[in-house]
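S.K.: can't give you the sequence, but here's the structure:
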Ligand SMILES: Nc1ncnc2c1ncn2[C@@H]1O[C@H](COP(=O)(O)OP(=O)(O)OP(=O)(O)O)[C@@H](O)[C@H]1O
């Protein structure tokens, strides 16, 4: 697979902070690439350099082997977190307006289908729900039929159903061999959508790979939890298990042996949960703090 973006030794220094510190990665064509990390990790700065919006202090971003330049704005798509939509315009009129900004565009009918806009095409922008607004913003990011589209926290603030609908749109876009670069605070979203993730903290890359690869590489264990009331304190202490929110939490690489032990000790398994580690757990393991801190 061809590299659409290559980032080499990218660094961005502000007066008293190094926002991005020597970052390297490539993004393959037709994949969904997730940039993850806590607030202040350097995600937006990295993305804005890739988009050509701000300049790097050191290092370089290549778009199909050419150093990025201002002319590339015609070829990339950007969905900003906060785009002001024109009042008194309908969705259809907004699409018409944005189409006029570009030399090369995708047919509006195709966009309507791709982003599922048909049911509110004639509605005023001000009357759109959060999910509908995000679908319109996605359509606007795709209007110039870009090869690569940047989505900055596109589902923040949406309800679970609207988030799931949006995920489907991202899958539709990928199915057209477009490359998606996504920043998100939602680890389930990254796990669902991303072929490849880069986790940043304090301006540096701390992990890179497919979610599955990363989880396999860092975890052999699964997490078992049981209502604390069912497990004698002495046993919890003996095995060094954790109690959190009235649950005993057991980390084990051997589920069968652990279940046998619990049964042998005559502990009821009612309410037992087994959970595989996710990207939140990975982040906690790598940095010692939660993504949401
Ligand atoms: N224009 C600026 N001037 C000075 N410091 C800045 C500027 N822009 C960003 N920073 C700092 O650079 C660091 C990285 O910021 P950045 O916005 O890239 O993080 P982020 O990972 O996108 O965070 P969030 O998830 O909150 O959007 C932060 O410490 C931030 O305060």
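M.R.: Yep, it's here. Since we're looking at a predicted model, the values are computed, not measured. Numbers count the residues shown, from 1 in each chain.

S.K.: Next, residue 23: secondary structure please.
M.R.: State at residue 23, reduced to three classes by DSSP: H, G, I helix; E, B strand; the rest coil: strand.

S.K.: helix or strand for the residue nearest to residue 45 when sequence neighbours are not counted, which one?
M.R.: Across the structure, with Cβ to Cβ, 6 or more residues apart in numbering as the measure, the residue nearest residue 45 apart from its sequence neighbours is residue 19 (4.3 Å). Every C-beta, even on glycine, is put in place using the N, C-alpha and C of the backbone. The secondary structure element spanning residue 19 is strand 18-28 (assigned by DSSP states H and E).

S.K.: contact partners of the helix or strand following that strand?
M.R.: Stepping forward along the backbone from strand 18-28, the first helix or strand reached (DSSP H and E) is strand 32-36. Where contact means Cβ atoms under 8 Å, 6 or more residues apart in numbering, the residues beyond strand 32-36 that reach it are 27, 43, 46-47, 170, 174, 179-185, 187, 190, 193-200, 279, 283, 291.

S.K.: Filter the residues you listed to keep only those in contact with the ligand.
M.R.: Near the ligand, judged by Cβ under 6 Å from any ligand atom, the entries from the contacts of strand 32-36 are residue 43.

S.K.: re the thing from before, who's in contact with the residue nearest to residue 45?
M.R.: For residue 19, the residues meeting the contact criterion (Cβ under 8 Å, 6+ apart) are 12-13, 42, 45, 203.

S.K.: among those, which are in helices?
M.R.: Residues of the contacts of residue 19 located in helices (DSSP state H): residue 45.

S.K.: Which two of the contacts of residue 19 have the greatest separation?
M.R.: 13 and 42 (11.3 Å; Cβ to Cβ).

S.K.: Which of these two has more residues huddled nearby?
M.R.: Between residue 13 and residue 42, residue 42 has the larger neighbour count (other Cβ atoms under 10 Å), namely 24 against 14.

S.K.: ok, that one touching residue 199?
M.R.: No: in this structure, residue 42 is not within contact of residue 199 by Cβ atoms under 8 Å, at 11.2 Å.

S.K.: Look up phi and psi at the residue nearest to the spatial centre of the chain.
M.R.: Taking Cα atoms, centre = their mean, the centroid of the chain lies closest to residue 184, which sits 3.6 Å from it. The phi and psi torsions at residue 184 (degrees, to the nearest 10) take the values phi -160, psi 150.

S.K.: and if you look at the one 5 residues further on?
M.R.: The main-chain torsion angles of residue 189 are listed as degrees, to the nearest 10 and equal phi -60, psi -50.

S.K.: Likewise for the one 3 residues further on?
M.R.: Recorded main-chain torsions at residue 192 are phi -70, psi -40, according to degrees, to the nearest 10.

S.K.: residues in contact with it?
M.R.: Applying Cβ under 8 Å, 6+ apart to residue 192 gives the contacts residue 167.

S.K.: For the ligand, see how far away it is.
M.R.: Shown here: residue 192 relative to the ligand, a distance of 19 Å by Cβ to the nearest ligand atom, to the nearest Å.

S.K.: do the same with residue 213
M.R.: Shown here: residue 213 relative to the ligand, a distance of 23 Å by Cβ to the nearest ligand atom.

S.K.: Mind pulling up the pLDDT for that residue?
M.R.: At residue 213, the model reports a pLDDT of 94.

S.K.: what number of residues lie near it?
M.R.: A count of nearby residues for residue 213, using other Cβ under 10 Å, gives 13.

S.K.: Would you agree it falls within a helix?
M.R.: Yes: the secondary structure assignment for residue 213 places it in a helix, going by three-state DSSP.

S.K.: Residue 158 is in contact with the residue nearest to the centre of the chain, correct?
M.R.: No: here residue 184 does not reach residue 158: they are 11.4 Å apart, not a contact under Cβ under 8 Å.
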